[in-house]
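Chemist: Got a predicted structure plus its sequence, pasted below:
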Amino acid sequence: MTGTEKQIGGLKVIGAGLPRTSTVSLQSAFQILGFNPTYHTISDLLPNAASHGPKWRAAMLEKDKVVRQKILREIVRGYEAVTNGPACLFVEDWVEMFPDAKVVLTLRNSPEAWLKSVNSSIGAVFGKPLAYYITYFVSPMHQGFLLSNLWDKQILGKYSVGVRSEEYYDFHNNHIRTVVPKERLLEFRAQDGWVPLVWAFLFPSFLR
């Protein structure tokens, strides 16, 4: 299968930033720029948790690249962009599967700012056993806990740090910088405004 054949009907933009890096705003920006629809946890995974949750977990557990990418392709079929987790865990796969897609790495001002945002939102719930059992019969939240727990386990095994840590923020972002060709990568903070995004998509040479 050629690169052009891979690209047809596939992702055109990949949001590589971790949750709590303005990924909802990025989703809105992508869609305003014409990348419709854009997959995000809140708007797409949670409403379809019963079917999408197991597929994401299967992709996270699958070591065979061909099989894993087949699962990923099925999840994002019909989408032009992705952002937030767990999609941000598969950037290395996405850039291979969709060789013409650009990558936007959303960032906070510092690892400390990111962790503070996490702990005051999703981190205040995920990882707490009582909340897990309370939401066991609520499919979206239950699937969210299953994904979060698996994410924690895999990152601990890979980096020897937890997901909710300043170290992981740096590990993730440096990994993205390593696996994404420089000419395809835009690092972006919400306070940067529209200009970098517009230039990146209307004038691709801006990334070079």
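Modeler: Structure's in. What do you need?
Chemist: Just say helix, strand or coil for the residue minimising distance to the centre of the chain.
Modeler: Closest residue to the average C-alpha location of the chain: residue 88 at 2.4 Å, with CA atoms, centre = their mean. Following DSSP: H, G, I helix; E, B strand; the rest coil, we place residue 88 in the helix state.
Chemist: doesn't residue 20 make contact with it?
Modeler: No - contact criterion CB atoms under 8 Å: residue 88 and residue 20 do not qualify, at 11.2 Å. The way it works is simple: take the backbone N, C-alpha and C, and place the C-beta from them, glycine included.
Chemist: which element is the nearest residue to residue 61 once chain neighbours are set aside on?
Modeler: Spatial nearest neighbour of residue 61, chain neighbours left out: residue 150 (7.4 Å); criterion: CB to CB, 6 or more residues apart in numbering. Per DSSP states H and E, residue 150 falls inside helix 139-159.
Chemist: That helix packs against which elements?
Modeler: helix 49-61, helix 166-179 (3 or more CB pairs under 8 Å, 6 or more residues apart in numbering; DSSP states H and E).
Chemist: Now do the nearest residue to residue 180 once chain neighbours are set aside against residue 11, distance only.
Modeler: In this structure, residue 180 finds its nearest non-sequential neighbour in residue 103, 4.8 Å apart by CB to CB, 6+ apart. Residue 103 is 10 Å from residue 11, where distance means CB to CB, to the nearest Å.
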